[in-house]
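Chemist: Please find the sequence and the predicted model below.
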Amino acid sequence: MKRLWLYFPENDLALAAGTACYTAPPAAWALHMAGEALPLWMASPGDRILCSGLNARWLAETCSRFNIIDVDVYDHRSAGLTASPWGWSEASRRMLADGGYPEAQLPGVDALARLRNLSHRRTAAALAERLQPELPFRIAPAAVEAADISGVEDFLKTNGAVIAKSPWSSSGRGLVRSRNMPREAFLQQTAGIIRRQGSVMLEREYDKVLDFAMLFEADGVGGVSYRGLSLFDTSARGAYTSNVVASQDAIRARISAIAGEERLAAVQTALEQVLPRVLDGYAGPLGVDMLLTRDGLLDATVELNLRYTMGFVALALAERVAPGVEATLSVVARPDGPAAGAVTDGCGRVVSGSLDLTPPHPAFAFRLSV
């Protein structure tokens, strides 16, 4: 299957807006523009990338050095391509259509409305409720949805530090932490989320020691295939900062050393059984974010991302580093300059140094570092 890739990191924000005529805020649009070439590292021969244009010299040199074959900018004529945006929304559909992809081959409004509803954070809560009976150990309880401020107040009474999450948001946005502000300010901000998005999702805030995710691909007819593990870091506010890029064996060993191999294997098996029951016909990539607390509790459904994540990029990049090498994939805000440069072996795999994965941009750099 040949793909037409579209890097669309603002997709969760577009889902919140619920309109095709969505305009991303400046920072999100800068991230979009800086990362337009990022799908190059996940692409297969014959794939194309929808973008505003890439530096032809940079693209040719990168493809030659790293043995990337027959991947190019979309020429509006290539036939037989399957649309593959970072995530689906009315806004990403419109960008594909405006870019020349045949509109008749894109999902319809009703299908996108179902996907928007499925992308609501209540789906992650439903996943947690179905997952727990399948496991021989306790996991963190499902998030609670509150449609009014009294529900928020009730949750605060019976829990300590609380995180309130907007139903649609991403990468640390839309999160309000009760421990960071006076109670009245917390209630005021959660009331704003309810007013804008209809409800708010409430969880206890845990003292975490590890962030990771399991990555899958759904076929839309009840099949879910496990793709791998993603080990990543976030900022104090919950925003994504970096991924570990290494072999799956190495990543699994690091996670299981803390989470326990038996628990890790049990969660993977249970998710393969339970995910088809909650996906409602969704076809495409998905990631289930998890965390482990300092006292050993596993939160197995922190997020359910029905889209590509940086974990999928890291998974693809693992094939681009030399055996035994561990690297870091990071998003660098306002980079001082280009990466220092990477040393590669005879097969074009990175051995040491650092590499910018996209052409230079003043706002963001997507960097692989050893």
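Modeler: Arrived safely, thanks for sending.

Chemist: When you work out contacts or count neighbours from here on, use the C-alpha atoms and nothing else.
Modeler: Fine.

Chemist: what kind of secondary structure is Ile251 in?
Modeler: Classification of Ile251 using DSSP: H, G, I helix; E, B strand; the rest coil returns helix.

Chemist: Count the residues that sit near Asn117.
Modeler: Neighbourhood size, Asn117 [other CA atoms under 10 Å]: 14.

Chemist: Let me know the helix or strand that it is in.
Modeler: Secondary structure assignment for Asn117, by DSSP states H and E: helix 109-118.

Chemist: packing partners for the next helix-or-strand element following that helix?
Modeler: Counting by DSSP H and E, the next helix or strand C-terminal to helix 109-118 is helix 122-131. Other elements packing on helix 122-131 under the criterion 3 or more CA pairs under 8 Å, 6 or more residues apart in numbering; DSSP states H and E are helix 261-278, strand 298-305.

Chemist: buried ones in whichever helix or strand comes after helix 122-131?
Modeler: Per DSSP H and E, the first helix or strand lying C-terminal to helix 122-131 is strand 144-146. Judged by neighbour count using 16 or more other CA atoms under 10 Å, the buried positions of strand 144-146 are 144-146.

Chemist: same thing with stretch 162-177?
Modeler: For stretch 162-177, the neighbour count (16+ other CA under 10 Å) marks 162-171, 174-177 as buried.

Chemist: Kindly check the end-to-end length of stretch 130-150 for me.
Modeler: End-to-end distance of stretch 130-150: 27 Å, with CA to CA, to the nearest Å as the criterion.

Chemist: Strands of the stretch 51-200 of the chain, residue ranges please.
Modeler: 72-73, 81-85, 144-146, 162-165, 175-177, 200-204 (DSSP state E, counting those that start in this stretch).

Chemist: Same list (the ones you listed) but as TSV, adding mean pLDDT.
Modeler: Rendered in TSV, the data for the strands of the stretch 51-200 of the chain read as follows (pLDDT from 0 to 100):
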stretch	mean pLDDT
strand 72-73	95
strand 81-85	97
strand 144-146	98
strand 162-165	96
strand 175-177	94
strand 200-204	97
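
Chemist: remind me which residues of the stretch 101-250 of the chain are low pLDDT?
Modeler: In the prediction, the stretch 101-250 of the chain carries residues with pLDDT under 70 at positions 171-172.

Chemist: any chance you could map the helices in this structure?
Modeler: Here the chain has its helices, by DSSP state H, at 11-17, 26-34, 56-65, 90-98, 109-118, 122-131, 149-158, 183-197, 248-259, 261-278, 310-317.

Chemist: possible to save those as a markdown table with distance to Ser225?
Modeler: A markdown table is the format used below for the helices of the chain (distance: least, CA to CA, whole Å):
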| stretch | distance to Ser225 |
| --- | --- |
| helix 11-17 | 23 |
| helix 26-34 | 28 |
| helix 56-65 | 29 |
| helix 90-98 | 25 |
| helix 109-118 | 19 |
| helix 122-131 | 17 |
| helix 149-158 | 36 |
| helix 183-197 | 32 |
| helix 248-259 | 16 |
| helix 261-278 | 7 |
| helix 310-317 | 14 |
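
Chemist: among the ones you listed, which is nearest Leu368?
Modeler: Ranking those by proximity to Leu368 (CA to CA) places helix 310-317 first, at 8.7 Å.

Chemist: Going by neighbour count, which residues of the closest one are buried?
Modeler: For helix 310-317, the neighbour count (16+ other CA under 10 Å) marks 310-317 as buried.

Chemist: Could you check the pLDDT of Ser52?
Modeler: If you check Ser52, the pLDDT there is 89.

Chemist: residues contacting it?
Modeler: For Ser52, the contact set (CA atoms under 8 Å, 6 or more residues apart in numbering) is empty.

Chemist: try it again with 10 Å
Modeler: Taking CA atoms under 10 Å, 6 or more residues apart in numbering, we find Ser52 in contact with 33, 36-37, 73-74, 99.

Chemist: just Gln188 next, same as before
Modeler: Applying CA under 10 Å, 6+ apart, the residues near Gln188 are Ile149.

Chemist: gap between it and Asp75?
Modeler: Gln188 sits 49 Å away from Asp75, going by CA to CA.

Chemist: count of residues packed around Asp249?
Modeler: Asp249 has 10 nearby residues by other CA under 10 Å.

Chemist: any idea which of the helices and strands packed on helix 122-131 is most buried?
Modeler: Most buried of those by mean neighbour count (mean count of other CA atoms under 10 Å) is strand 298-305; its value is a mean of 23.

Chemist: out of the helices and strands packed on helix 122-131, nearest to Asp154?
Modeler: Taking those one by one with CA to CA, strand 298-305 is closest: 21.4 Å.

Chemist: Distance across stretch 125-136, terminal residue to terminal residue?
Modeler: First-to-last residue span, stretch 125-136, CA to CA: 19 Å.

Chemist: how about that stretch: buried residues?
Modeler: By neighbour count with 16+ other CA under 10 Å, stretch 125-136 contains the buried residues 125-132.

Chemist: Fine by me, thanks again.
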